[in-house]
Each structure stands twice: as structure tokens, then as C-alpha cells.
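Peer 1: sequence and predicted structure below; questions after.
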Amino acid sequence: MTSPDPRILIIAPSWVGDAILAEPLTVLLKERYPRGVIDVFAPAWCAPVYARMRYIHRVIENPLLHGPLNWRLRKSLAKHLAATGYTHAFVLPNSWKSALIPYFARIPQRIGYTGEARFKLLNDRRTLRPERLPRLVDRFAALAYPADTAADKIRTPMPVLVPQRNSQRAALDALHLSVTPAPVAVFCPGAEYGSAKRWPPEYFAELAQRLMHEGFTVWLVGSPKDRPITDQIIAAVHSNAQNDNTPLSPLHDLVGHTDLGTAVDLIAAARVVVSNDSGLMHIAAALGVPLVALFGSSSPTYTPPLSPHARIANIDIECSPCFKRECPRKHFKCMRELTPQMVYQHIVALR
């Protein structure tokens, strides 16, 4: 690492949450190489997230999808990247394929964990010891340090996203939303990985109704894939409202009406966010908004929301975390026994 002005390429993970957890690595690299230029090679759907990170110079779209090896396209991309003169590549995914392009581009320093037998593809290979670095964010951050650095010497900054205020104002106007005078509660009821990570829709509905009674406006935020879930939430709220004569604050379903970048900017306006363990949960944490993070089948030890303003809502149950997409025991107790009242108490504690 002798170049005074290194050009750094980060081969980014595909999941939005993992992208957020990689942000501290960019901070550490900028500290180590103040005059360095940091680019990111990332899937198009993650680009809006990287555009709101500190110290990212450019986002280069990775058009490769999971599955096909596509040698011709990989070599073409590598040729294009080689012309940029990168000195360092940090390969964050553990797959063999993710390390091919930096190798084909002949980037001199190729840093990453051994992963899927990447002995030749990486020339600064690290051996991952999970017991030393139990959190994914620390594993990414450790790559900024020399390989022999002790775990207790690795400093991991909190991830930070910087919302684009012009985009936020434009979205508020376009969607006829307001953040005053009523405070906003954002609910993120989706989780792409699987149903075992999703709090029941009827629980979101019950919590929404309670907050709406208190004067909160509730926004439902997610991708178009979350439409069936938000439809259930809205139906349950309307059904409950028929038996309740108390006026409610508005409920806005924004699912499918925002792209990821706009969702980031809107979440930044929230007074509180309630989210399953998902990319949007990590986004809320990185924005520093008060957050209640719901954990069932996944682990708050491995991928916690990294924010002093976040609280983890989960229950101590023998089979959790199981890391399964669907509850293998069919009882779904890890989420069913996490009641709306318990989550509400976390919201109260954040005020």
C-alpha cells in the first residue's frame, strides 16, 4: 500500500442492510487514506443508499445477477474498471464470483475474507474468526486494518446516512404529506428474506391505531412486494375503526409509491420508526431517528441496528434465532408473543 493517492473500489454486498453495515468501512478507509478516492461497485437497487453515504465518489452499477457466471460480461466489466487505475479492491461478499472482476481487472491489492476458496483471487486474504468478530459491521470494518490487527483494536464507527433534503421536500409535496403539526410514525412491515422475520400485520394495525389515537400520522413504507402485508394492515385498521367512534389521525400507505432513495429521505422525517429486521431498519438506524427494531428468527447480535436511538424488541425463546425464512416449528412464537403492548412500551421509552 505505497500509493499516496489510492483509488479504492468496494465490491458491495447485494442486500440493502449489508450495504448500510459497510458504511463504516468507507469512513475508516478515508481516515487511513485521506487523499484516496472511493468508488463502489454495487447493484442498481443499492445505488440510492450509497449516494447518501459519506466519502463515496462514484457508484458503478453492477449488472450481474445471482446465478449465471457470464464470463464475457465479467471480463468486459473488468476491462472497463482496469482503465480507472484502481489500486485497492475490498471484496465484501464471500462468494467466489464476487472476487473475479477485481482479479480480471488486475487490481494490485485485493482484500477480503477467504470465503468460497478464493485463494488465488485475493492476495490479501483474511481468515474470519466469528467468535472474535460476531457482528457483520465489525467484519467489514476490520478489512480497513492490517490483517494482524487484534479484534480489540478495531474501531467501528456508527453507520451514517445523509438524507437529501430537496428530495424529501419534493416527495412530501408529491405525496401530499406533512410532518407538522402531527408527529409521524413510520412502519416498515416487510422483510424480503421471509415471513419468519415479519411481525404479524394485525399487530402493526393495533399499534398503528393506538398511535393514531395519540395524534400520530402513520406512514407505511416498503417495496411493491410488501403490498399484501400493507393491505392487511389497512383492512384491519379500518375494521377496528368501525367499532371505535374516536377520531383517528391519517394513515398513509406509501408502499410502491417511493423508490429507495425517496424512502430514505422520508424516513428521516419520522418521529419514530417501527421496523422488522430489514434494510429499512438499518436505514432508520443510520439516519439516527428513534427506532424500534423487531427481531424474531434473526439475531440482534449479528446484525443489530447501530444507533443510540434504537431499541430492540424481541423475546427470549429457545428456538430463536433460527435464521429460517419460515418458522420451522409452525408456531411463530418469536413474533406472536411479541405483543403490540410490548412494542408500544419501547416507543414510550424512546420519547
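Peer 2: Here it is on my side, so go on.
Peer 1: what ranges do the strands span in the protein?
Peer 2: For the chain, the strands defined by DSSP state E cover 7-11, 37-42, 58-61, 88-91, 109-113, 124-126, 184-188, 217-220, 251-253, 272-276, 291-294, 310-313.
Peer 1: count residues in the vicinity of the residue nearest to Arg271 when sequence neighbours are not counted, would you?
Peer 2: Nearest-residue entry for Arg271: Pro183, 3.8 Å, with adjacent residues in sequence omitted and distances by C-beta to C-beta, 6 or more residues apart in numbering. To be clear about C-beta, it is placed using only N, CA and C from the backbone, and glycine gets the same treatment. Residues within reach of Pro183, counting by other C-beta atoms under 10 Å, total 17.
Peer 1: just Glu206 next, same as before
Peer 2: Around Glu206 there are 19 residues (other C-beta under 10 Å).
Peer 1: next up, the contacts around it.
Peer 2: Glu206 makes contacts with 236, 240, 340, as judged by C-beta atoms under 8 Å, 6 or more residues apart in numbering.
Peer 1: distance of it from Pro163?
Peer 2: Using C-beta to C-beta, to the nearest Å, Glu206 is found at 30 Å from Pro163.
Peer 1: low-confidence ranges in the stretch 101-250 of the chain?
Peer 2: 194, 244-247 (pLDDT under 70).
Peer 1: for it, which segments count as helices?
Peer 2: 136-142, 165-174, 201-213, 227-241 (DSSP state H, counting those that start in this stretch).
Peer 1: one step back: what subset of the contacts of Glu206 is buried?
Peer 2: 236, 340 (16 or more other C-beta atoms under 10 Å).
Peer 1: would you mind giving the contacts of Glu206 as JSON lines with distance to Pro321 added?
Peer 2: Putting the contacts of Glu206 into JSON lines (distance: C-beta to C-beta, whole Å) gives the following:
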{"residue": "Ala236", "distance to Pro321": "27"}
{"residue": "Asn240", "distance to Pro321": "31"}
{"residue": "Pro340", "distance to Pro321": "22"}
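Peer 1: which one among the contacts of Glu206 gets closest to Asp18?
Peer 2: Distances from Asp18 to the contacts of Glu206, taken as C-beta to C-beta, are shortest for Pro340 (29.3 Å).
Peer 1: I figured that closest one hits Pro201, correct?
Peer 2: No: counting by C-beta atoms under 8 Å, Pro201 is not a contact partner of Pro340; they are 11.6 Å apart.
Peer 1: quick check: neighbours shared by these two?
Peer 2: If you check Pro340 and Pro201 against C-beta under 8 Å, 6+ apart, no residue is contacted by both.
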